[in-house]
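A.B. asks: Below are the sequence and a predicted model for it; my questions follow.
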Amino acid sequence: MQRWQQGEQLLSAALAYQPYPILFATISGAHLYGFPSPDSDYDLRGVHILPVSEVVGLNLGRETIEVSQVWEGLQLDLVTHDIKKFFSLLLKKNGYVLEQLYSPLVVHTTPEHEELTAIAKHCITRHHSHHYLGFAQTQWGLFAKDNPRRVKPLLYVYRVLLTGIHLMQTGIVEANLVQLNEKFKLPYIPDLIAQKLAGKEKSFLEDTNMAFYLSEYHRLRRELEEASQVSLLPESPSGKDALNDLLVRLRLASN
């Protein structure tokens, strides 16, 4: 895996608040999705490794670490989970952790990160479609209730639906809307992205053709539901034993 070009600086800023070894760290959020505004936050996501003494003792370590700070004038938000929590989430229909794991914007990596990306392929099931259907519904609700309406939640609606359809069809996690639209070729996506790139994080939609956007939302939902029904992805994950083996090795090595 190649490091993201700004990875070293971001990691250095974040490590000042991270007391445990890091398995991997990647960039998520709007930068991953392909439509960051000039003032978008940097969302840094990753996995840390608690030592055995902070897992089996009475003084338990921090399962999740969240830090927000300003770095060179930009907001940096760091969230890491301990390996046990992250691996447990991989065994559920959780698209967030898949996108974090497979983000191409790699800030920090290890050989075990590479191993984990291989194992996680066996954790992807057709039921991950429920994550993307639910996420899209939430974002559509945010978009519909705003007045004036914002570009960001609308882009999220289409991004998650296309990510879900692509995942059901290929088994590959792709969270970047620009890359996704090279396949789906929705003619309105480039203009929406351009509005988001040119404006502020809370910029408003220039065209509020609600009937059209609602029609597309329902069409893509149906396409995701149908893709899930015919998907060749398995019903349940098969990577639990391999995840357990990696977890034990990482935990013992952290002492």
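C.D. replies: Nice, I can see it. Numbering: from 1, shown residues only.
A.B. asks: OK, contacts around Y20?
C.D. replies: Applying Cβ atoms under 8 Å, 6 or more residues apart in numbering to Y20 gives the contacts H48, I49, L50, P51, G61, I65, D82, S254. The C-beta positions use only the backbone N, C-alpha and C, and glycine is treated the same way.
A.B. asks: Which of the helices or strands spans R159?
C.D. replies: helix 151-170 (DSSP states H and E).
A.B. asks: for D77, same thing?
C.D. replies: Counting by DSSP H and E, D77 is part of strand 74-82.
A.B. asks: what's the following helix or strand after that strand?
C.D. replies: For strand 74-82, the following helix or strand on the C-terminal side (DSSP H and E) is helix 83-90.
A.B. asks: what's the next secondary structure element after that following helix?
C.D. replies: Per DSSP H and E, the first helix or strand lying C-terminal to helix 83-90 is helix 95-101.
A.B. asks: Could you name the helices and strands sitting against that next one?
C.D. replies: Applying 3 or more Cβ pairs under 8 Å, 6 or more residues apart in numbering; DSSP states H and E, one finds that helix 95-101 contacts strand 22-28, helix 83-90, helix 111-120, helix 128-145, helix 151-170.
A.B. asks: ok, and what's touching that helix?
C.D. replies: Residues outside helix 95-101 that contact it (Cβ under 8 Å, 6+ apart) are 24, 26, 28, 32, 45-46, 86, 89-90, 116-117, 120, 123-124, 128, 131-132, 135, 160, 163-164, 167, 173, 175.
A.B. asks: helices and strands around the helix holding R159, which ones?
C.D. replies: Judged by 3+ Cβ pairs under 8 Å, 6+ apart, the packing partners of helix 151-170 are helix 29-33, helix 95-101, helix 128-145, helix 177-184, helix 189-198, helix 210-230.
A.B. asks: worst average pLDDT in these?
C.D. replies: Lowest mean pLDDT within the helices and strands packed on helix 151-170: helix 189-198, at a mean of 91.
A.B. asks: chain center to that one: distance?
C.D. replies: Put simply, helix 189-198 sits 20 Å off its chain's centre (Cα atoms, centre = their mean, to the nearest Å).
A.B. asks: So for stretch 146-162, what gets flagged as buried?
C.D. replies: Across stretch 146-162, burial judged by 16 or more other Cβ atoms under 10 Å covers 149-162.
A.B. asks: brain fart, stretch 190-208
C.D. replies: Quick answer for stretch 190-208 (16+ other Cβ under 10 Å): L192, I193, Q195, K196, L197, G199, E201, S203, L205.
A.B. asks: want to throw those into TSV with distance to S37?
C.D. replies: Compiled in TSV, the buried residues of stretch 190-208 are given as follows (distance: Cβ to Cβ, whole Å):
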residue	distance to S37
L192	13
I193	11
Q195	10
K196	6
L197	7
G199	6
E201	5
S203	7
L205	14
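A.B. asks: out of those residues, who's nearest S238?
C.D. replies: I193 (36.6 Å; Cβ to Cβ).
A.B. asks: My understanding was that the closest one contacts L155; is that so?
C.D. replies: Yes - look at I193 against L155 with Cβ atoms under 8 Å: they come within range, at 6.9 Å.
A.B. asks: so what sits against both of those two?
C.D. replies: F35, L177.
A.B. asks: who's in contact with the closest residue to R249 other than its chain neighbours?
C.D. replies: Distances taken as Cβ to Cβ, 6 or more residues apart in numbering put E112 closest to R249, at 8.0 Å, once the chain neighbours are dropped. Under the criterion of Cβ under 8 Å, 6+ apart, the neighbours of E112 are L23, L246, R249, L250.
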